[in-house]
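A.B. asks: Any chance you could fold what I've pasted below:
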Amino acid sequence: MSGLRRAFGPVTILDKFNLEVREGEAVALTGRNGAGKSTLLRCLVGADKPDDGTIEVNGTKLTESAVEIRRDMATVIDDLDFFPDLSVVEHLDLLARAHGLTDPEPVVDEILHEVQLIPQSGQLPGTLSTGQQQRLALATAFVRPRKLLILDEPEARLDSEGIRWLTTRLRQERNNGLAIVFASHDLSLVDGVATRTVHLSVIGAEDGHEALEGLTQSGPGQPTDFAKKDLRQPVNNQQAKKPKPSHGRRPKGSQSHRRHRG
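C.D. replies: Next comes the predicted model:
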């Protein structure tokens with residue numbers, strides 16, 4: 001990310017922001033709510049478009065249609081959103097196949113065991129608890145090939161056991177050469193995973209708006225410039241949909257027998 005700028009009306013969220021992440025590095029974005037962490041991640045994954053600056057992944061300029069980037073980048077950001085008529089195991093099967101796994105069933109079953117969703121594998125996402133939905137969201141990233149992992153507060157909705165599991169898993173991903181950028185409020189997760197921390201913090205006021213000081217990084221890396229606080233309030237108009245029964249396949253180890261898929 002080079003010279004990144006993002007503003008909403010008169011409020012500048014990011015300005016002249018630079019960040020380089022290499023394979024085997026995990027960069028944690030920390031700071032109070034509204035500091036711009038999610039805006040930064042949304043720009044990085046192409047869900048939001050910066051007003052200025054460039055973003056490249058492995059030398060390829062970021063565009064929503066860039067096949068190379070979509071192939072290599074796994075993300076878990078924003079509100080959880082799942083297909084209402086696909087079961088847990090069907091979600092993971094679909095993603096694994098869409099990303100080129102020719103024999104996805106062993107991979108999917110292993111991930112389901114890891115995130116402790118075997119008993120819920122035949123359920124629809126809408127019937128899961130919020131913590132189980134978060135585990136499913138993380139499973140969608142781990143079930144597919146990836147070189148870059150982008151996570152926005154991945155510890156949200158997880159219990160203490162889940163955070164310990166996530167810390168171990170992300171550290172393993174990093175040690176295997178994955179590049180990771182994640183925003184987090186959990187210090188144990190940051191300390192256990194990050195090789196570098198970028199902190200966004202409020203220092204004062206300008207024209208009635210709180211401003212952010214120069215972003216500080218711990219560990220190796222280039223210094224970044226200043227940003228300003230995002231004053232918008234999140235709005236969620238998504239209406240809950242009534243779940244329908246699912247008749248998809250069940251993973252090995254579940255109580256129901258695996259069904260043949262067409």
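
A.B. asks: residue boundaries of the strands in the stretch 1-150 of the chain?
C.D. replies: 2-8, 11-17, 26-31, 52-54, 56-57, 60-61, 73-76, 148-152 (DSSP state E, counting those that start in this stretch).

A.B. asks: looking at the ones you listed, which is closest to P119?
C.D. replies: With Cβ to Cβ as the criterion, P119 lies closest to strand 73-76 of those, at 22.2 Å. (Each C-beta comes from the backbone N, C-alpha and C, glycine too.)

A.B. asks: shaky segments in this protein?
C.D. replies: 201-262 (pLDDT under 70).

A.B. asks: if we can go back for a sec, can you list the strands of the stretch 1-150 of the chain in TSV and add distance to G162?
C.D. replies: Compiled in TSV, the strands of the stretch 1-150 of the chain are given as follows (distance: least, Cβ to Cβ, whole Å):
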stretch	distance to G162
strand 2-8	31
strand 11-17	30
strand 26-31	18
strand 52-54	35
strand 56-57	29
strand 60-61	34
strand 73-76	14
strand 148-152	14
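
A.B. asks: Indicate which one of these is closest to F82.
C.D. replies: Short answer: strand 73-76, nearest of these by Cβ to Cβ, at 12.1 Å.

A.B. asks: What is that closest one packed up against?
C.D. replies: helix 130-142, strand 148-152 (3 or more Cβ pairs under 8 Å, 6 or more residues apart in numbering; DSSP states H and E).

A.B. asks: Describe which strands it pairs with in its sheet and in which direction.
C.D. replies: Based on DSSP bridges, the pairing partners of strand 73-76 within the sheet are strand 148-152 (parallel).

A.B. asks: S38: what's its closest spatial neighbour, skipping adjacent residues?
C.D. replies: Spatial nearest neighbour of S38, excluding adjacent residues (Cβ to Cβ, 6 or more residues apart in numbering): D152 at 5.6 Å.

A.B. asks: what bridges to that neighbour?
C.D. replies: A183.

A.B. asks: How about the contacts made by it?
C.D. replies: 37-38, 41, 76-78, 182-183 (Cβ atoms under 8 Å, 6 or more residues apart in numbering).

A.B. asks: 7 Å instead, please
C.D. replies: Applying Cβ atoms under 7 Å, 6 or more residues apart in numbering, we find D152 in contact with 38, 41, 76-78, 183.

A.B. asks: List buried members of the residues you listed by neighbour count.
C.D. replies: 38, 41, 76-77, 183 (16 or more other Cβ atoms under 10 Å).

A.B. asks: for Q123, what are its contacts?
C.D. replies: 87-88.

A.B. asks: swap in L170?
C.D. replies: Applying Cβ under 7 Å, 6+ apart, the residues contacting L170 are 26, 180, 193.

A.B. asks: let's go with 10 Å and repeat that
C.D. replies: 26, 138, 149, 151, 154, 178, 180, 182, 189, 192-194 (Cβ atoms under 10 Å, 6 or more residues apart in numbering).
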